[in-house]
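no sequence on this one, just coordinates:
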């Protein structure tokens, strides 16, 4: 099935009769009914399971390991920062309320330990709490750039918890992490764009498969057990974009991180599930997307690895990634022309319409809404010349001068930006000054993307900022940077865990 079949616009309305009259339900933009029938592919789930079971650390190219090292460090820093987010104490209170007794898996940024599934949940929520974690990029032009999954957050927590519990080596930890990211990313790339366009949050849905892959590798499941675990994980996966801008968005990520451990624990005990959960007519790809592109996943795992192509983007700002090109370009223009907020008449920012519907809070009133508001993201840069963890709060968003600046931002769908394809985040800026001058700029990608990557030291600087935000001891914070540099040489990741816990 070709990708273009997924994205042809549909004018078909589905009618349903009701007592009060007839209600027409139109498909969301990006939805379609594929003209070709659902692909009849046999053995796809088995191919994925066999890849997980057979993969070895030595199969991962050196450049992929280096790219993964940056995302690992990024994720650990975000777990520290997220431990002091509003969701952090709530998650810990929830776990304590279960009265399950003591466990041995660490909740990063705290001294609390619990069962690995709940540690994975807590750390997953923390990594995604500030929406500052990495994003998988798209291959096809029908895919919304950066909106496939957040690859690290569903995978790092279960890999960390199970490695700590088993006193696993750094190599084992790294292998499980890369397998999880690869499986999750290829599944997200394959499913019809309708999956995301119609409201599913892929980090919660496809991310559950990545969590399962990492956990299955560390638990040593055989191919049959891995097949069953994937079927269980598919049943657990969930997440709806309507929750963006609320605490339940990071819940999606934490739940996905937990799902893999639950699925693997059950499969190891003999629990059964469908062994063709991906490709079956009633399976994941059909039920959750209406279709998929077999060519994006079949015989493609590790060929090439996702970290190598199309790559993973590390965020420079703690908000929705689709705002980042415009934010980076605005910051460049502000610095270049020494633009003062009081001199700005208005700012036009044109993007594809997919950005305008995902950055959906056009008049935000909370910090979480601000993370999904182009208007707020540009306003805070105009006012402060920076946008850090401390800016995305209710108090900052509600400041009168911020709300006034938000009204000066004209965020709209632009035909030129639309034509560049969804695999870019083209943002066209025009800053209209009160003296009549206009400063224009354009950006297709943001800092941290494969076209403009962060170095390990730049990621380390971001990590240190997260650690400082969490008031984490600098000695421990610096130790983590060094441990991750030489992660594969660690005989036991316990030393890394000790540097991330109190």
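Structure received. Since the model is a prediction, treat every value here as computed from it, not as a measurement.

use CA for all of it now, contacts and neighbours both
Will do.

surely residue 386 is within a strand?
No: using DSSP: H, G, I helix; E, B strand; the rest coil, the assignment for residue 386 is coil, not a strand.

so it sits right up against residue 379, yeah?
No: taking CA atoms under 8 Å as the definition, residue 386 is not a contact partner of residue 379, at 10.1 Å.

higher neighbour count, those two?
Ranked by neighbour count (other CA atoms under 10 Å), residue 386 and residue 379 place residue 379 first, with 26 against 14.

can you tell me the SS state at the more buried one?
Classification of residue 379 by three-state DSSP places it in helix.

that one: what's it in contact with?
Neighbouring residues of residue 379 by CA atoms under 8 Å, 6 or more residues apart in numbering: 402, 405, 406, 409.

can I assume the third one is in contact with residue 381?
No: using CA under 8 Å, residue 406 is not in contact with residue 381, being 11.1 Å away.

right, and the helix or strand after the host helix or strand of residue 161?
Using DSSP states H and E, residue 161 sits within helix 156-165. Downstream of helix 156-165, the first helix or strand assigned by DSSP H and E is helix 170-190.

give the other helices and strands that that following helix contacts.
Counting contacts by 3 or more CA pairs under 8 Å, 6 or more residues apart in numbering; DSSP states H and E, helix 170-190 packs against helix 156-165, helix 202-219.

need the winner for burial among these.
Ranked by mean neighbour count, the helices and strands packed on helix 170-190 are led by helix 202-219 with a mean of 32 (mean count of other CA atoms under 10 Å).

now do the same for residue 357: its pLDDT.
Per-residue pLDDT puts residue 357 at 85.

next structured bit after the one helix or strand it maps to?
Here residue 357 sits within helix 353-358, counting by DSSP H and E. Scanning forward in sequence from helix 353-358 by DSSP H and E, the next helix or strand is helix 367-370.

could you check the pLDDT of the residue most central in space within the chain?
Most central in the chain under CA atoms, centre = their mean is residue 150, positioned 1.6 Å from the mean C-alpha point. Note on residue 150: pLDDT of 95.

show me what contacts residue 363?
373, 375, 406.

dihedrals phi and psi, the second one?
When you say that, I think you mean residue 375. Dihedral pair for residue 375: phi -60, psi -40, per degrees, to the nearest 10.

what count of nearby residues applies to it?
28.

show me where the stretch 401-502 of the chain has strands.
409-413, 427-433, 438-443 (DSSP state E, counting those that start in this stretch).

can you list the weak-confidence ranges in the stretch 151-300 of the chain?
For the stretch 151-300 of the chain, no stretch has pLDDT under 70.

ok, now with 90
Within the stretch 151-300 of the chain, the ranges that satisfy pLDDT under 90 run 193, 196-197, 244-245.

tell me the spacing between residue 187 and residue 285.
Between residue 187 and residue 285 the computed distance is 9 Å (CA to CA, to the nearest Å).

the two: who's more crowded?
When residue 187 and residue 285 are compared for neighbours, residue 187 comes out ahead with 28 against 24, by other CA under 10 Å.

mind listing what the more buried one touches?
With CA under 8 Å, 6+ apart, residue 187 has these contacts: 206, 297.

next one: residue 444
Applying CA under 8 Å, 6+ apart, we find residue 444 in contact with 325, 424, 425, 426, 427.

among these, show me the least confident.
pLDDT across the contacts of residue 444 is lowest for residue 424, at 75.

ok, now how distant is that one from residue 100?
Counting by CA to CA, the gap from residue 424 to residue 100 is 47 Å.

circling back: make TSV out of the strands of the stretch 401-502 of the chain and add distance to residue 61 and mean neighbour count.
Below are the strands of the stretch 401-502 of the chain laid out as TSV (distance: least, CA to CA, whole Å; neighbours: other CA atoms under 10 Å):
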stretch	distance to residue 61	mean neighbour count
strand 409-413	40	17
strand 427-433	34	21
strand 438-443	31	16
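
now tabulate these in TSV and tack on distance to residue 321.
Below are those laid out as TSV (distance: least, CA to CA, whole Å):
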stretch	distance to residue 321
strand 409-413	16
strand 427-433	12
strand 438-443	13
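
so what's residue 219 up against?
Contact analysis of residue 219 by CA under 8 Å, 6+ apart lists 162, 264.

apologies, that question was intended for residue 47.
Counting by CA under 8 Å, 6+ apart, residue 47 touches 298, 299.

helix, strand or coil for it?
Going by three-state DSSP, the secondary structure assigned to residue 47 is helix.

distance of it from residue 130?
According to CA to CA, residue 47 and residue 130 sit 35 Å apart.

let me see the domain layout of the chain.
Domain segmentation of the chain under automatic domain parsing yields 44-314, 321-443.

which one of the ones you listed lies nearest to residue 488?
Closest to residue 488 of these, according to CA to CA: domain 44-314, at 4.5 Å.

quick one on the thing from earlier: just the ones of the contacts of residue 444 in helices?
residue 325 (DSSP state H).

and which of the contacts of residue 444 is nearest residue 52?
In terms of CA to CA, no member of these lies closer to residue 52 than residue 424, at 30.9 Å.

please name the residues that touch the closest residue to residue 473 other than its chain neighbours.
Distance criterion CA to CA, 6 or more residues apart in numbering; nearest residue to residue 473, sequence neighbours excluded, is residue 467 at 7.9 Å. When contacts are counted by CA under 8 Å, 6+ apart, residue 467 touches 77, 80, 81, 473, 474, 477.

same thing with residue 490?
Residue 490 makes contact with 169, 170, 171, 483 under the criterion CA under 8 Å, 6+ apart.

backbone dihedrals for the residue nearest to the centre of the chain, please?
Main-chain torsions, residue 150, degrees, to the nearest 10: phi -90, psi 100.

ok, it to residue 109 distance?
For residue 150, the distance to residue 109 - CA to CA - is 21 Å.

still on that earlier bit, now for the helix holding residue 357, which elements pack on it?
Secondary-structure packing of helix 353-358 (3+ CA pairs under 8 Å, 6+ apart): strand 409-413.

which elements pack onto the strand it packs on?
Packing partners of strand 409-413 (3+ CA pairs under 8 Å, 6+ apart): strand 344-351, helix 353-358, helix 374-384.

contacts for it?
346-353, 356, 374-375, 378-379.

neighbour-wise, which of the residues you listed leads?
Neighbour tally across those (other CA under 10 Å): the maximum, 30 neighbours, falls on residue 374.
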